[in-house]
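In: After the sequence you'll find the predicted model.
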Amino acid sequence: MLPNPYTPGDRPRFFVGRATERQLLRDKLARVAAYGEMMGPLTIVTGPRGVGKTSLLRDVAGQAEEDGFVIAWVSCVKQHPFLAEVVDRVERSLERAGIGSSGSRRIKDLTVEVSAGFAKVRARLEAGPVAQPTALVGPLEDLLGRAGRLVRERGGSGLIVMIDELHAPLESTREWEYAPEQQALLHGGVLLNAVQNLAGERAGLPVGVIGAGLPQTKSLLTRAATFGERSHELVLGEFDDTDAARLLTEPAAALDVTWSAEAVTEVVRTARGYPQSLQILGAATWDAAAPERGSELDLAAVQAGSHAARSALASIFEARWAVATAAERAFLSAMARVQQPVVRRGEIAAMLATSTESLSMVRRNLIVKGIVEEAGYGRLRFTIPGFERFVLAQTTSTREH
């Protein structure tokens, strides 16, 4: 029996699409490798959940390692300071790369210095006034710069820090106003200041910092430091039909299995370009068919796997519905009842017999939670195809009971 080549919710075995974004990121890293200089300002990859932000970063990281870079991978936690994790991951990545003992001692000295800065800043925050980032920016600059040079001195290309879920630490602790965890906000400012300063010096600093997060990441960074707006943003959306078809056919082809044109058309139509849905539908079709080498996945296989696919998608829908408040669910229900891919705020307000202004906070919270996204001025859409049908079913069920 052949293994299932599709990986819903995990890094894809075969990375498909995002050619423009991959090339742009690789070009940035090629400059670091060629000239031994800073990559430039912070680069962030943004988009709704499930469009492949983390997968893109992992793909670029894998290629970068082959090209001689040391990768420090950081995963942020919601409303939690993150620079200690950055420092720890940089140190660990150098150890894995076998950086010499003298270099390691200097890095450890710098990590102690940065950690001491954390303690001082934490004490200031607890005392009342908001601390300034100057206590940490210099040591963080020194740490990143020194680490990059150590890699370079030992024949590598440089250091790349990749920060996933970068929006998470900077999210508000309250739903009715922006009130971030103060130390996490400070860490965002420190990171931006350090990267900006390194980019300004550039020469002899073989370092790059790349982040990924939800669509609001750039605006959250700008709250941490005004020049967060200078961050270079790559926005990921749905796949076009060509890349969606490739996501289905290429993993199967590697195992000598093909898809019929009708089966591909049906899955692409159902998924509407959403990468996670494509993986779910592909995996369910494969499991239902249990193909052997040389066989074909046809429309009957897609239909046989449809129940399992719907169950997997329903689990995602239920998780999003569960985090919505009563007011947010009313908003989502009104949005779903419009039954259009893109919905105007005025249409939602009319459904709820209220003003668009009164819905601004609910709208913001749903965007922060990654359930809806802006689709042009005054327009919204759900971030995962099919969620509108789930919402309508929930609304109908509630009314019946």
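Out: Structure's in. What do you need?
In: these two touch, right, A194 and V161?
Out: No: if you go by Cβ atoms under 8 Å, A194 and V161 don't touch, sitting 10.4 Å apart. C-beta: built from backbone N, CA, C; applies to glycine.
In: hey, what's in contact with both of the two?
Out: With contacts defined as Cβ atoms under 8 Å, 6 or more residues apart in numbering, the residues shared by A194 and V161 are L144.
In: Rounded mean pLDDT for stretch 97-117, please.
Out: Stretch 97-117 shows a mean pLDDT of 62.
In: Compute the number of surrounding residues for D243.
Out: 17 (other Cβ atoms under 10 Å).
In: That one and A271, how far apart?
Out: 11 Å (Cβ to Cβ, to the nearest Å).
In: can you check G145 too?
Out: 44 Å.
In: same deal with S75?
Out: From S75 to A271 the distance is 27 Å (Cβ to Cβ).
In: Equivalent analysis for E201, please.
Out: In terms of Cβ to Cβ, E201 sits 46 Å off from A271.
In: ok, these two, which is more surrounded?
Out: Neighbour count, other Cβ under 10 Å: between E201 and A271, A271 has more, with 26 against 12.
In: Nearest residue to the more buried one in space, please, no chain neighbours.
Out: Leaving aside its sequence neighbours, A271 sits nearest to S277 (Cβ to Cβ, 6 or more residues apart in numbering; 3.9 Å).
In: Do I have it right that that neighbour meets F387?
Out: No: shown here, S277 and F387 do not form a contact pair, counting by Cβ under 8 Å, at 10.4 Å.
In: Same drill for these two, tell me which one is more crowded.
Out: Counted by other Cβ under 10 Å, S277 and F387 do not tie: S277 has more neighbours, with 25 against 21.
In: so how far is V60 from the more buried one?
Out: 23 Å.
In: what about E85, how many neighbours?
Out: 18.
In: Now do the buried residues in the host helix or strand of it.
Out: Under the criterion of DSSP states H and E, E85 resides in helix 83-96. In terms of neighbour count (16 or more other Cβ atoms under 10 Å), helix 83-96 has its buried residues at L83, E85, V86, V87, R89, V90, E91, S93, L94.
In: before we move on, what about stretch 387-394?
Out: For stretch 387-394, by 16+ other Cβ under 10 Å, it's F387, E388, F390, V391, Q394.
In: now do stretch 57-74
Out: 57-61, 64, 67-72, 74.
In: Tell me who's in contact with G156.
Out: With Cβ under 8 Å, 6+ apart, G156 has these contacts: G68, F69, V70, A97.
In: swap in G237?
Out: G237 touches G47, V51, G273, counting by Cβ under 8 Å, 6+ apart.
In: Try it again at 10 Å.
Out: Neighbouring residues of G237 by Cβ atoms under 10 Å, 6 or more residues apart in numbering: G47, P48, V51, G273, Y274, E373.
In: How many residues are close by the last one?
Out: So that's E373. 18.
In: same check, this time on the first one
Out: Each residue near G47 was counted by other Cβ under 10 Å, and the total is 23.
In: nearest to E357, of the buried residues of helix 83-96?
Out: Distance to E357 across those (Cβ to Cβ) is lowest for L83, with 37.7 Å.
In: now that closest one: how far from L332?
Out: 36 Å.
In: same thing with A349?
Out: In terms of Cβ to Cβ, A349 sits 14 Å off from L332.
In: Surely L140 is in contact with F82?
Out: No: contact between L140 and F82 fails when scored by Cβ atoms under 10 Å: they sit 11.9 Å apart.
In: which neighbours do S277 and F387 share?
Out: With Cβ under 10 Å, 6+ apart as the test, S277 and F387 both reach L313, I316.
In: quick one: low-confidence ranges for this structure?
Out: Scanning the chain for pLDDT under 70 picks out 100-135, 176-177, 397-401.
In: Look up phi and psi at W259.
Out: Per-residue torsions, W259: phi -110, psi 140 (degrees, to the nearest 10).
In: can you pull the contacts of it?
Out: Here W259 is in contact with 245, 248-249, 252-253, 265, 267, 282, 285, 296-299, 301-302 (criterion: Cβ under 10 Å, 6+ apart).
In: In PyMOL, how would I select just the buried ones from those residues?
Out: To isolate the buried ones among the contacts of W259 in PyMOL, judged by 16+ other Cβ under 10 Å, type:
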select buried, resi 245+248+249+252+267+282+285+297+298+299+301+302
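In: In strands, which of the contacts of W259 fall?
Out: E296, L297 (DSSP state E).
In: Between which two of the contacts of W259 is the distance greatest?
Out: A253 and L299 (18.5 Å).
In: A strand includes Q394, no?
Out: No: with DSSP: H, G, I helix; E, B strand; the rest coil as the criterion, Q394 is assigned helix and is not in a strand.
In: Which residue is the nearest non-sequential neighbour of it?
Out: W321 is the one closest to Q394 (Cβ to Cβ, 6+ apart), at 6.4 Å.
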